[in-house]
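Enquirer: Can you look at this prediction? I've put the sequence above it.
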Amino acid sequence: MPLYWHRRDLRVSDNCGLERAAAFDEPIVPVFVLDPTVLEHASPVRVACLCEALEALRARYRDRGSDLLVVRGEASAVLPELAADHGVETVVWADDYGGLARDRDRAVTAALEDAGVACEPVHDAIHHEPGSITPNQGEFYSVFSYFWKKWRDREKHAPVDGPTEDDLADPNGEPIPSPSALGFDEPESTPPTVTPTAARRRLESFCDANIYRYADERDVPSAGATSRLSIHLKWGTVGVRTVYDATDAAAERASDDDDRKSVAAFQRQLAWREFYVHVLAFNPETVTENFSGYENEIPWRNDPDELAAWKAGETGFPIVDAGMRQLRREGWIHNRVRMLVAAFLTKDLLIDWRKGYAHFRRLLADHDTASDVGGWQWAASTGTDAQPYFRVFNPSKQGREYDPDATYVREYVPELEDASADDIHGWHDLDPADRSSIAPSYPAPIVDHGDRREAAIAAFERARGDD
Ligand code: FAD
């Protein structure tokens with residue numbers, strides 16, 4: 001009898017691991033382990049998402065006359081016990097390529113093998129597993145554009161069928177603990193529902209309409225033109241094959257070349273996710289270390305007040321503050337604004353990207369180690385295919401370009417609700433008297449962008465050993 005160990009694949013449809021387990025032709029015992037070592041690194045918002053997704057997964061199994069076992073304990077201890085209790089000969093799971101997951105999986109594999117139980121990790125979370133898209137020399141691409149061309153041209157697997165009632169055992173599941181029973185507070189933010197039904201609805205509505213305006217509007221944070229699928233891809237409430245298939249169908253329905261290009265622009269973003277998984281798989285140390293070496297240490301500043309202002313969305317740079325407040329309110333930030341707030345922290349404030357990453361990791365409902373580290377290192381000019389150290393985002397220009405009428409800023413920074421777009425994006429140019437008459441409770445800029453830009457470039461040049 002096989003045991004199927006769910007981890008970040010909280011669905012039954014389009015699940016390659018479950019498909020593999022069903023091939024044993026014996027009833028599958030589905031299980032999720034609440035592992036204290038993993039929970040130690042979790043955060044209130046992520047545990048809330050996890051519990052919600054687990055309830056939905058359990059409901060799917062119950063619909064099929066089965067149940068999900070949810071057990072607490074170190075996976076390397078509880079899985080061999082469960083295997084013995086249920087007469088299990090093989091444990092199947094879907095690979096997770098993050099650093100912590102890999103350590104856990106090594107320990108689980110050793111414990112199961114010691115107990116005489118076979119282990120079958122299966123690729124499921126991405127289309128093309130690490131090591132399958134490689135340059136002529138080396139194991140992974142560090143430049144996205146080359147990776148993308150190969151990724152785009154590779155054939156994609158169609159969605160796989162979910163297990164039927166006949167494929168499943170009927171174990172007796174205990175109730176799923178609530179976040180508070182697991183020791184977590186209520187999250188600050190209210191992320192969207194994380195269930196397979198919510199994922200399917202989101203994918204369908206995106207592919208019916210917004211996918212065709214994605215290329216033109218994906219950088220406009222107030223446009224709502226992106227898919228908001230990241231939370232579902234993170235928790236596995238949708239399979240990557242299902243997502244890609246829906247985009248291909250959208251391409252077939254496209255009425256002209258512009259529509260088809262827009263679908264391709266979206267598929268390119270899906271490839272970014274996989275690119276970062278490949279990079280992390282071959283460079284697990286980059287969760288804490290720079291990917292790109294500099295000759296000297298980057299002289300990161302230690303400024304708790306500036307860091308606190310950034311976290312609170314009180315920097316006096318409206319688009320940066322809007323992003324940081326969106327994070328606290330929704331557990332999500334629009335991609336353009338993620339880039340902006342990350343660049344602001346690492347360049348304007350010259351604060352170590354690892355401090356920003358730790359904050360995102362705690363508050364993002366879609367936190368994914370590979371994409372989060374990849375995004376931070378890119379913004380900090382320490383990553384793969386990094387933005388050059390001398391390119392420093394100008395928050396005011398970015399605001400004018402991507403939020404011209406300041407709709408996005410006004411949504412998240414109510415102090416500026418009545419200010420004009422010109423005053424909002426030119427906040428740093430206003431004199432103090434004007435600022436306090438327009439929005440008395442909104443702060444003045446905490447730094448001078450021009451001065452900080454020069455200081456950051458000089459600091460990176462010293463780190464490169466240019467002087
Ligand atoms: P869409 O624009 O609809 O894109 C579709 C999907 O493509 C996304 O759901 C995501 O899976 C993938 N994708 C899109 N852009 C990127 C990208 N730049 N890098 C990797 N994958 C991408 N994404 C996460 O999923 N988790 C994270 O923890 C995360 N942290 C980030 C941190 C920083 C500093 C930066 C700059 C980016 C980060 N991203 C992260 C990438 C990106 O911002 C989000 O994937 C995107 O905003 C999610 O919204 P969406 O689903 O509407 O995206």
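Expert: Cool, got the structure.
Enquirer: helix or strand for the one residue in the chain that gets nearest to the ligand, which one?
Expert: Nearest to the ligand, among the residues of the chain, is Gly375, at 2.4 Å (CB to the nearest ligand atom). C-beta coordinates here come from the backbone N, C-alpha and C atoms, glycine included. Here Gly375, judged by DSSP states H and E, is contained in helix 369-379.
Enquirer: nearest spatial neighbour of the residue of the chain closest to the ligand, skipping sequence neighbours?
Expert: Distance criterion CB to CB, 6 or more residues apart in numbering; nearest residue to Gly375, sequence neighbours excluded, is Arg338 at 6.1 Å.
Enquirer: Now for that neighbour: which residues touch it?
Expert: Residues in contact with Arg338 (CB atoms under 8 Å, 6 or more residues apart in numbering) are Gly323, Phe360, Gly375.
Enquirer: Could you dump those residues into a markdown table and include distance to Ala198?
Expert: Converted to a markdown table, those look like this (distance: CB to CB, whole Å):
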| residue | distance to Ala198 |
| --- | --- |
| Gly323 | 24 |
| Phe360 | 22 |
| Gly375 | 24 |
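Enquirer: And the nearest residue to Ala254 once chain neighbours are set aside, its phi and psi?
Expert: Spatial nearest neighbour of Ala254, chain neighbours left out: Arg260 (4.5 Å); criterion: CB to CB, 6+ apart. In terms of degrees, to the nearest 10, the main-chain angles of Arg260 are phi -70, psi -40.
Enquirer: Would you mind stating the distance between Arg260 and Ala250?
Expert: 9 Å (CB to CB, to the nearest Å).
Enquirer: More neighbours: which of these two?
Expert: Ala250 (23 against 17; other CB atoms under 10 Å).
Enquirer: now for the helix or strand that one falls within, which elements pack on it?
Expert: Taking DSSP H and E as the criterion, Ala250 maps to helix 240-253. Packed against helix 240-253 by the contact rule (3 or more CB pairs under 8 Å, 6 or more residues apart in numbering; DSSP states H and E) you find helix 196-208, helix 257-282.
Enquirer: Let's see that with 10 Å instead.
Expert: helix 196-208, helix 230-235, helix 257-282 (3 or more CB pairs under 10 Å, 6 or more residues apart in numbering; DSSP states H and E).
Enquirer: can you tell which of those helices is closest to Asn302?
Expert: With CB to CB as the criterion, Asn302 lies closest to helix 257-282 of the helices and strands packed on helix 240-253, at 27.1 Å.
Enquirer: So what's the gap between the closest one and the chain middle?
Expert: On the basis of CA atoms, centre = their mean, to the nearest Å, helix 257-282 sits 14 Å off its chain's mean C-alpha point.
Enquirer: right, and the helix or strand after that helix?
Expert: By DSSP H and E, the next helix or strand past helix 257-282 is helix 304-312.
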